[in-house]
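> Below is the sequence, then the predicted model.
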Amino acid sequence: QRSAEAAKNTADMIQESVNNSNKGAQIAEDAGKAIEAIRISNKKVNDLIAEIAAASTEQAKGIDQINIAVSQLDKVTQQNAANSEESASAAEELSSQAEELQSMVDQFEITAVSQKQSVKTGSVLHHHVTTNTQLKKPQKTTDITKKKTNVASSPEKVIPMDDEKLAQF
């Protein structure tokens with residue numbers, strides 16, 4: 001009877017060991033599946049990190065291109081400002097020259113009117129037309145310069161070219 005009891009205890013122990021072994025095998029299999037799931041998730045995370053890095057690189061390149069474009073816009077804006085200043089200066093100079101030319105034309109008109117009047121009265125007057133090429137302010141307009149004269153526009157009529165009339169001029 002003792003030997004039967006010992007055999008039964010041994011059989012129970014063997015059965016318990018088999019059960020424990022099966023449980024251990026199941027736990028190991030579950031752990032293997034969990035590790036495989038972790039490995040797959042880890043690969044997905046690595047792929048996402050690589051995609052984020054690539055997108056960040058593209059964004060950095062885009063920002064560099066934007067910075068270059070802004071720099072070029074700044075240069076163009078500065079060049080436009082310089083061109084505007086040059087244009088304003090040129091316009092001011094042209095305006096000054098136009099005023100000077102108008103003053104010269106006014107003096108020629110005065111001379112022509114005076115000469116016409118002296119020819120009518122028979123008196124001989126000597127007129128000298130002086131110009132100031134550095135004149136910056138327009139001359140004050142007088143009644144004589146405001147009058148429109150009916151003097152012919154040909155140079156021979158304004159400045160006589162024959163010797164007798166040229167001497168009077």
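Okay, I see it.
> Okay, residue 95 and residue 89: tell me how far apart.
Using Cβ to Cβ, to the nearest Å, we find residue 95 at a distance of 11 Å from residue 89. Any C-beta I mention is one placed from the backbone N, CA and C, and that applies to glycine too.
> again but with residue 62, I slipped
In terms of Cβ to Cβ, residue 62 sits 41 Å off from residue 89.
> now do residue 38
75 Å.
> What of residue 1?
129 Å.
> next one: residue 34
For residue 34, the distance to residue 89 - Cβ to Cβ - is 81 Å.
> do residue 7 as well
To residue 89, residue 7 is 121 Å away according to Cβ to Cβ.
> Pull the number of nearby residues for residue 60.
10 (other Cβ atoms under 10 Å).
> Name the helix or strand for it, please.
Element membership of residue 60, judged by DSSP states H and E, is helix 2-121.
> helices or strands up against that helix?
Helices and strands touching helix 2-121, by 3 or more Cβ pairs under 8 Å, 6 or more residues apart in numbering; DSSP states H and E, are helix 143-146.
> 6 Å instead, please
Of the remaining helices and strands, none touches helix 2-121 by 3 or more Cβ pairs under 6 Å, 6 or more residues apart in numbering; DSSP states H and E.
> Report the rounded mean pLDDT for that helix.
If you average the pLDDT over helix 2-121, you get 93.
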